[in-house]
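Provided below are the primary sequence and the corresponding predicted coordinates.
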Amino acid sequence: MNPSEYLDQQYAMDQAAVKDVQAQADSALRTLEKNYLGDKGWPYALIEGKKPEPEQKLSQSTSAMILHAVAVAYGVVSKSVLVPAVRTGTGKKRDPAEVIGLLRGGVAALTNTLGSGRKPMTKSGTWGSNDPLTLTWLYELLAAGLLVDEAGSDKSGPNRAMIKTIAEERLAKISDAPESVLQPSGQTDDYPVHHPFLLLRWVQLARAVNAVGLADLPQSKLPTAFLNLLRTELSNSDIRDGGYDPACLVFALEGLMTINPAAITDAMLDQVVGVLGRGPSMTTHWRPVRPLAATPRGLVLLPQSVEVANSFLRTCDLKFAQRITAVPLFTRSIEVLQSYTDWLLSRSAQVRVKPDNADNVFRGWQSEHTYQPNMIHLWATSQAVLFLQHYSAMLQQHIARASRIAGSLDFRPQETPADESAEAWDDKRKREPMLGLDPTSKFRAYDRIDKFFVRPRTTVGDTTTRRYSILLYGPPGTGKTSFAKAMAEALNYDLIIVSPSDFIRGGEADVEARAKRIFDVLLAQSKTVILFDEIDRLLLDRDSPVYAAQADMFQFMTPSMLTKLNDLREKKQSVFVIATNYAERIDSAIKRPGRIDEQIVLLPPDLLQRTKIIAKCAEDLGLAELQEERDAAILAGETPLYIYSELEFLWRVPVTESTRF
């Protein structure tokens, strides 16, 4: 599809898909919340017409898996090695307080079953002792502060230390001997099968605990092990009946890209996407072929295809996969992922449990390897919830990118690393124009931005209500565009600049149609600062003579823009700034609270700030006589209303004896 056609053809369908997927995820998440049985955890399955019953013994693996999924869905576990690092979709707004009691109770019950001393910390009938799956879920729950004493203080330290020790010991073994991961569970007569899944899960646990030796993994034998498995599956995919397994392919890809992304070429990524989109993969919907373990009688343990899909989403979110070409891996794989999602949604089931009432109807999934009607497995449902939430979020990112390209807007991605944003913002705040005023003054522009926009988004525990829109006004040259850039950098947001030319590109007759397309693009964005730069003509006060003198088409735009700006404000996904030299010209309805949260004036630097600017310029030029604040203040007093660039321009004149001040 031509990029310019995206808004006309695919945009609405993609937006509808986001809503549908998120609605299904919300419904399934309710199933998990409502069927929690307190200290007894969750039932293994919900069966039509039967009362949910707990298992005879709390399953550590099942309990940890479901607790982790709920914690991730509500943002209680905010950084996980098991899901993409993207904000979840546009479903209902979730308050972590709604589930904090459930999570703390569940984690407390789970930790009460843990072994100590020489006993294994965890035991699983499926995975054996101290398996990486249960330990990773458990560690991230503990790291989220969900194990507390009666006073509310964290008491997870000993358990986290124990998990870290287990992870580091196993990492040391598999780094030198990847095949050592192949150990039978000890629960039955099963034997392990060569597979990348458990290797990948041990690497993920090592990342979660920040294990010693993690930085040395690129030089270990693990990258070669993953690469060999990847190459084997790519080769098998070209051989009819060659035993190709999409699960092994995807797990090996994620493992290799996590440890040593330099080993993956763009051509290899394209080949993987092509293989996953071929008939054998598409028609079987990535269902695993190779078992993780088997018994002499032929019973096998297989991963779930949703685990394969979650692995591929994580791979799409890796920075290397996003930056390797101009087209992100998710976008290159969109048809494959859409096909899998459609299949997954078609497999959801609904059951009514006892007591028989409207509240006891639940939706979810069962294992794809069982064929029992009228049944839902809660552990399988938890993994489907995670996939749907993060697929929805990444589809929104795809929509945002595709619509930006189609809209041809001035997009400036944020290039400052997140861990450097705070330092960069502190440096920018030193340029506060009204430096001589009290920090609480409403004329201190940078301080107001910090209070209402930056700190509520970047400081843990800040309770200030977030603002989402600004009318930024002031004389020409005071740095309104630079101000918006600084705010984007502080928030670690991207920046989009919308100018009058974006609206009139198709001529005056096409202004309204063009405006609709622009706002379709803007509504699709998230974590973006949107700067409307001097679009006064579209926002003029309807009682002003200037408005009356406009052409009819532009007169129609002001009421139209009221609705569009209101929709953008209500979305609460980005921050928008209307920058103008003349605030009095803007229609009063646009400036009302609800559309504009803060009106901020950006003035030329005051005496104190001019003094500092002059002293800094003098220092850069080696003019010692003006580096003293007293002397710089004299010149500052002679330059009232000078803007920053004018003060800097004073120093561009070659300095000679005749030009010295």
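Looks like it came in fine.

and the one helix or strand Ile518 maps to, which residues are buried?
Assessed by DSSP states H and E, Ile518 sits inside helix 511-523. For helix 511-523, burial by neighbour count (16 or more other C-beta atoms under 10 Å) applies to Val511, Glu512, Arg514, Ala515, Arg517, Ile518, Phe519, Asp520, Val521, Leu522, Leu523. (Glycine included, C-beta is placed from N, CA and C.)

and if you look at stretch 266-281?
So, applying 16+ other C-beta under 10 Å, buried residues of stretch 266-281: Met268, Leu269, Val272, Val273, Val275, Leu276, Ser281.

check stretch 191-208 too.
192, 195-208.

what's the closest of the residues you listed to Gly622?
Top of the list for closeness to Gly622, among the buried residues of stretch 191-208 and by C-beta to C-beta, is Arg207 at 50.1 Å.

run through the neighbouring helices and strands of the strand or helix carrying that closest one.
For Arg207, the host element (DSSP H and E) is helix 196-209. Other helices and strands packing on helix 196-209, by 3 or more C-beta pairs under 8 Å, 6 or more residues apart in numbering; DSSP states H and E, are helix 132-143, helix 157-176, helix 222-237, helix 246-259.

could you pull out the helices for the stretch 251-400 of the chain?
Using DSSP state H, counting those that start in this stretch, the helices of the stretch 251-400 of the chain run over 266-276, 279-284, 305-317, 319-323, 329-332, 334-346, 378-407.

select, out of the ones you listed, the one closest to Lys155.
Proximity to Lys155, assessed across those by C-beta to C-beta, is greatest for helix 378-407 (25.7 Å).

now the angle from the closest one to helix 132-143?
70 degrees (axes from the mean of the first three to the mean of the last three C-alpha atoms, to 10 degrees).

state the mean pLDDT of helix 378-407.
Averaging pLDDT along helix 378-407 gives 95.

give me the number of residues near Asn130?
Using other C-beta atoms under 10 Å, Asn130 has 19 other residues around it.

next one: the one 10 residues further on
Using other C-beta under 10 Å, Glu140 has 26 neighbouring residues.

worst-scoring helix or strand of the chain, pLDDT-wise?
Counting by mean pLDDT, DSSP states H and E, the chain has its least confident helix or strand at helix 319-323, which shows a mean of 59.

where does the stretch 451-600 of the chain have low pLDDT?
546-555 (pLDDT under 70).

would you map the helices across it?
455-458, 480-491, 500-503, 511-523, 545-548, 552-571.

can you say which of the ones you listed is packed in most?
helix 480-491 (a mean of 22; mean count of other C-beta atoms under 10 Å).

any idea how far Pro640 is from Phe312?
Per C-beta to C-beta, to the nearest Å, Phe312 is found 61 Å from Pro640.

and these two? Which one has more around it.
Of the pair Phe312 and Pro640, Phe312 is the one with more neighbours under other C-beta under 10 Å, namely 29 against 11.

now that one. Nearest residue, chain neighbours left out?
Val250 (5.1 Å; C-beta to C-beta, 6 or more residues apart in numbering).

got the contact list for the one you found?
Val272, Leu276, Trp286, Val308, Ser311, Phe312, Thr315 (C-beta atoms under 8 Å, 6 or more residues apart in numbering).

out of these, which comes closest to Leu138?
For these, the nearest to Leu138 is Ser311 (20.1 Å; C-beta to C-beta).

give me the neighbour count for that closest one.
Around Ser311 there are 25 residues (other C-beta under 10 Å).

that one touches Phe251, doesn't it?
Yes. Assessed by C-beta atoms under 8 Å, Ser311 is found in contact with Phe251 at 5.7 Å.

returning to what we had before: let me know which of the helices of the stretch 251-400 of the chain is the nearest to Gly506.
Short answer: helix 378-407, nearest of the helices of the stretch 251-400 of the chain by C-beta to C-beta, at 12.3 Å.

can you list the strands that the helix or strand following that closest one pairs with?
Sequence-wise, the next helix or strand downstream of helix 378-407 (DSSP H and E) is strand 410-412. With DSSP bridges as the test, strand 410-412 is paired with strand 494-498 (antiparallel).

if we can go back for a sec, in JSON lines, list the contacts of Val250 along with distance to Ser59.
Shown next, in JSON lines, are the contacts of Val250 (distance: C-beta to C-beta, whole Å):
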{"residue": "Val272", "distance to Ser59": "34"}
{"residue": "Leu276", "distance to Ser59": "32"}
{"residue": "Trp286", "distance to Ser59": "26"}
{"residue": "Val308", "distance to Ser59": "23"}
{"residue": "Ser311", "distance to Ser59": "23"}
{"residue": "Phe312", "distance to Ser59": "27"}
{"residue": "Thr315", "distance to Ser59": "29"}
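
hmm, which of those residues is lowest in pLDDT?
Lowest pLDDT of these: Trp286, 88.

check the gap between it and Glu512 for me.
Relative to Glu512, and taking C-beta to C-beta, Trp286 is found at 45 Å.

thinking again about what came up before, tell me which of the helices of the stretch 451-600 of the chain approaches Arg630 most closely.
helix 480-491 (29.2 Å).

now the helix holding Ile518 - C-alpha only, PDB.
Extracted in PDB, the C-alpha atoms of helix 511-523 (Å, rounded to 0.1, in the frame of the first residue of the first chain):
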ATOM      1  CA  VAL A 511      -8.200  22.900   4.600                       C
ATOM      2  CA  GLU A 512     -10.900  21.100   6.500                       C
ATOM      3  CA  ALA A 513     -10.200  17.700   4.900                       C
ATOM      4  CA  ARG A 514      -6.500  18.200   5.600                       C
ATOM      5  CA  ALA A 515      -7.200  19.200   9.200                       C
ATOM      6  CA  LYS A 516      -9.100  16.000   9.700                       C
ATOM      7  CA  ARG A 517      -6.200  13.900   8.400                       C
ATOM      8  CA  ILE A 518      -3.700  15.800  10.600                       C
ATOM      9  CA  PHE A 519      -5.800  15.200  13.700                       C
ATOM     10  CA  ASP A 520      -6.300  11.500  12.800                       C
ATOM     11  CA  VAL A 521      -2.500  11.300  12.800                       C
ATOM     12  CA  LEU A 522      -2.200  13.200  16.100                       C
ATOM     13  CA  LEU A 523      -4.900  11.100  17.900                       C
END
